Each structure stands twice: as C-alpha cells, then as structure tokens.
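Student: Here is my input; please provide its structure:
(one chain, ligands or ions: 2)
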Amino acid sequence: MRSLLKVLTAIVVIVATSVTASAAAAGNPERGAVLADTCLGCHGIPGYRNAYPSYRVPKLGGQHQDYLVLALLGYKSAVRSHPTMQAQSASLSDADMRDLATYFASQGVARQGLGKTNGKIARGKEKTAVCAACHGEAGVSPTPNWPTLAGQHEDYPQQSIAQYQNGGRTR
Ligand code: HEC
Ligand code: HEC
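Tutor: Residues are numbered from 1 along each chain as shown. Ligands and ions are numbered 1, 2, ... in the order given. This next block holds a predicted model:
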C-alpha cells in the first residue's frame, strides 16, 4: 500500500509539472457550440447508451476543458479505443477540439455531494480516499488535465474502471 502511494505521488508530481506547460488556451465557445451539433446526438440525449456493452454515454458538461481535449486527442490517435469516438474525432483539428472542449466545459457544473447518504454511497466514499489526490475530495479534480468524476453517470466510471482492469483502456 505504502509503495503504491509512493508511485501515485510520483505520478502526481510528474503530471502536475507537465500541466503548467500544456495548459490549453481558451477556445471559442460559440464555434464549439456549432461543431457540437453532431456530438449532441449522443452526448446531449439524457440516458443515451452505448449499445454494446451497454453503458450510458458520458456527460461532458462541466468537465475540465483540458481533459476533454486530451480525451479527443486520445481517440484521434487511437490511444483510447472506441471506434465511434475514434471516427468522431478523426477529422477534428486542434482548434476544433479546443473550441468543442471550451463549449462543453461551459455547459453545467460538476455536481459534488448530492447530499444523499446510504450504505452504498458511504462504502464508495470510503474507497475514494486513494483517488482524492487526483480526482479531488468530492470528485472534482483540482488538476485540469484529470477528469472530474462528480456527477458522472454511475455506469460510465464503472465501465472505465473495468476497462482499465482488463487492459481495454490504457489511458
Ligand atoms: C454515436 C454516439 C456518439 C457521438 C455522435 C459522439 N460521441 Fe463522444 N462518446 C460516445 C461514447 C459511447 C463515449 C464513451 C467511449 C469510451 O468508453 O471510451 C464517448 C466519449 C467521449 C469523450 C470522453 C469522455 C470522458 O469522460 O472520458 C469525449 C471527450 C467525447 N466523447 C466527445 C465527443 C465530441 C466532442 C463529439 C462530437 C464531435 C462526440 N463525442 C460525438 C458516443 C458518442
Ligand atoms: C495518480 C492520479 C490518479 C489516481 C490516484 C486515480 N486516478 Fe483515476 N484517472 C487519473 C487520470 C490522469 C485519468 C485520465 C486518463 C486519461 O487521460 O484518459 C483518470 C481517469 C479515471 C476514470 C475515467 C474517467 C473518464 O471520464 O473517462 C475513472 C472512472 C477514474 N479515473 C477513477 C478513479 C478511481 C475510482 C480512483 C481511486 C480508486 C482513481 N481514479 C485514482 C488519475 C488518477
């Protein structure tokens, strides 16, 4: 456990150092809104699901702009595997990604702590101690390169974590 924490801390330091260098410039949200038209067919429909395996399409509203750009770059370069998103990002330029990310980041605020309490939430919260350094105490990441998890559909992180475990997602 202690050595895992050391490794995680080392990663935090490395990534945090690179953040300042790569912080994305603000894009044009109006242009982003126009480009987002094709994205909203999936990301704008409440409860819209990926067909197989079945999980809800992630919410993008309120996510960090920098993380959204990194995710799109990941799909475009096929570092992140998802055929639909690879196709969606294939023709996007860096400016397109920046504008789209600026638009989506401005749509809504990540919801933290819904005020709900039950056994399942309490057990989950206990397990997040090890995640907080990167994803934030209440799931809102303090670092723009790292995803905010608060307010995300429950089954999307579940799907991502399963993929990290089985090697289907390497970043
Ligand atoms: C046909 C449905 C569909 C369309 C259209 C679509 N997406 Fe997606 N998007 C998905 C699915 C499903 C995922 C989850 C993929 C995965 O598991 O990696 C996703 C994931 C993402 C992610 C990663 C989110 C995260 O939290 O990691 C971003 C960013 C994203 N999409 C942006 C866009 C943008 C921008 C567009 C428009 C140019 C778009 N998507 C169009 C279905 C779609
Ligand atoms: C050392 C920092 C660090 C720690 C600790 C950490 N994460 Fe992450 N996590 C990341 C980064 C960076 C990414 C984004 C990877 C990428 O660019 O695709 C990520 C991605 C994720 C995603 C995918 C989000 C999305 O929108 O696609 C989930 C879910 C996640 N982490 C859950 C967790 C959980 C649960 C824990 C604790 C058990 C945890 N993480 C601990 C850094 C961390």
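Student: Look up how far Cys39 lies from Gly58.
Tutor: Heads up, residue 58 is Pro, not Gly. Between Pro58 and Cys39 the distance, using Cβ to Cβ, to the nearest Å, works out to 11 Å. Yep, even glycine has a C-beta here, placed from its N, CA and C like the rest.
Student: again with Ala25
Tutor: Distance from Ala25 to Cys39, by Cβ to Cβ: 21 Å.
Student: okay, the two: which has more neighbours?
Tutor: Cys39 (17 against 8; other Cβ atoms under 10 Å).
Student: hmm, which helix or strand of this structure has the shakiest average pLDDT?
Tutor: Using mean pLDDT, DSSP states H and E, the weakest-scoring helix or strand in the chain turns out to be helix 2-22, at a mean of 45.
Student: Validate this expectation: Thr143 resides in a strand.
Tutor: No - under DSSP: H, G, I helix; E, B strand; the rest coil, Thr143 sits outside any strand and is assigned coil.
Student: Name all residues that make contact with the residue nearest in space to the middle of the chain.
Tutor: Nearest to the mean C-alpha position of the chain, by Cα atoms, centre = their mean, lies Pro147 at 4.0 Å. With contact taken as Cβ atoms under 8 Å, 6 or more residues apart in numbering, Pro147 is in contact with 63-64, 67, 71, 135, 141.
Student: Recalculate using a threshold of 6 Å.
Tutor: Pro147 sits next to Tyr67 when contact means Cβ atoms under 6 Å, 6 or more residues apart in numbering.
Student: Against ligand 1, how distant is it?
Tutor: 5 Å (Cβ to the nearest ligand atom, to the nearest Å).
Student: Report the beta-bridge partners for Arg56.
Tutor: Beta bridges link Arg56 to Arg49, judged by DSSP bridges.
Student: Having no further points to raise, I will conclude here.
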